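In: fold the following, please.
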Amino acid sequence: MKYALITGGSRGIGRAVCEVLAENTDYGIIINYSSNKEAALETKKLVEAHGNQAEIMAFDVADKKAVDDSLNAWQERNPDAWIEVLVNNAGITKDGLFMWMKEEDWSSVVNTSLNGFYNLSQFVIQKMLRKRYGRIVNMVSVSGVKGTAGQVNYSAAKGAVVAATKALGQEVAKRNITVNAVAPGFIKTDMTEEINEKEMAKLVPANRFGEAREVADLVAFLTSKKASYITGEVININGGIYS
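Out: Numbering: from 1, shown residues only. All right, here's what the predicted structure looks like:
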């Protein structure tokens, strides 16, 4: 049995990715979450409605021991299964001007996005290399590509994942493993709820915020065999805000 693991899969873009992969593939879906079990169970129901196996898995992506313990336990329960697709979607924001930024606000944001990428990718890539196939998609951001004032920590974290995507993509391409990044702009999710959509949409050439489903469709394409010759790429999905 082949699985797709989506970190931060309980809500927003992560949930949309889980559902779109369930619609378009026969992967078992592993839904990672950190605290909101109820939301993760809702996502599980959405996946199962498409006939796919689904399970929820609680761990903080920034905690390497928790990641290893959870995935090793899963592997022991499922000795013949392997994770063919990894979507590193989990991320947090703690915005504020750099001059007043607390160390904890810097570290927690960087640890979640950057160390989370390392902790998950390092685990799954071992088996991908042995199987000579795999798909890793990293959720970055327009902030990680162009930088955003008030988000130096988030921009640094996502920008580092952009560079890591390009480097790792080169390392593993010969084994039919692709590593790509998706950089959303303003997308309607919990994370953008407090933003004045009407005002901010004026900055977007497409004159609207994107839908989580639109991002998920792009992720699904990158995890498919149709995207076999795309690796080390960062694909912007932002309505033209940065192009």
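In: only C-alpha atoms for contact and neighbour calcs from this point on.
Out: Fine.
In: could you check how far the most centrally placed residue in the chain is from D80?
Out: The centre of the chain sits closest to N89, judged by C-alpha atoms, centre = their mean, with a distance of 1.9 Å. Distance, N89 to D80, using C-alpha to C-alpha, to the nearest Å: 25 Å.
In: all helices for this protein, in order.
Out: Using DSSP state H, the helices found in the chain span residues 12-24, 37-48, 64-77, 103-110, 116-131, 142-146, 152-172, 197-200, 212-222.
In: could you count how many residues lie near A163?
Out: The tally of other residues near A163 (other C-alpha atoms under 10 Å) stands at 17.
In: check the separation of the first and last residues in stretch 200-208.
Out: First-to-last residue span, stretch 200-208, C-alpha to C-alpha: 8 Å.
In: quick one: contacts of that stretch?
Out: 197, 209, 238-241 (C-alpha atoms under 8 Å, 6 or more residues apart in numbering).
In: same deal with stretch 220-240?
Out: Residues contacting stretch 220-240 (C-alpha under 8 Å, 6+ apart): 17, 20-21, 24, 85, 135-137, 142, 162, 165-170, 173, 176, 178-186, 204-210, 215, 242-243.
In: cool, and stretch 90-109?
Out: Outside stretch 90-109, the residues that reach it (C-alpha under 8 Å, 6+ apart) are 7-9, 14, 61, 112-113, 116, 139, 149-154, 157.
In: need the per-residue pLDDT for I195.
Out: Listed pLDDT for I195 reads 68.
In: sorry, back to before: and the two most separated of the contacts of stretch 200-208?
Out: Using C-alpha to C-alpha, the pair of the contacts of stretch 200-208 lying farthest apart is E197 and G240, separated by 16.0 Å.
In: can you get me a residue count around E76?
Out: Using other C-alpha under 10 Å: E76 sits among 10 other residues.
In: quick one: T223 from K102, how far?
Out: 37 Å.
In: what's the answer for A156, then?
Out: Per C-alpha to C-alpha, A156 is found 15 Å from K102.
In: more neighbours, the two?
Out: Legend: neighbour count by other C-alpha under 10 Å for A156 and K102, higher for A156 (21 against 12).
In: let me know the pLDDT of the more buried one.
Out: 97.
In: number of residues surrounding the residue lying closest to it once chain neighbours are set aside?
Out: Nearest residue to A156, sequence neighbours excluded (C-alpha to C-alpha, 6 or more residues apart in numbering): G144, at 6.6 Å. By the measure other C-alpha under 10 Å, the count of residues near G144 is 23.
In: same deal with V20?
Out: With other C-alpha under 10 Å as criterion, V20 counts 20.
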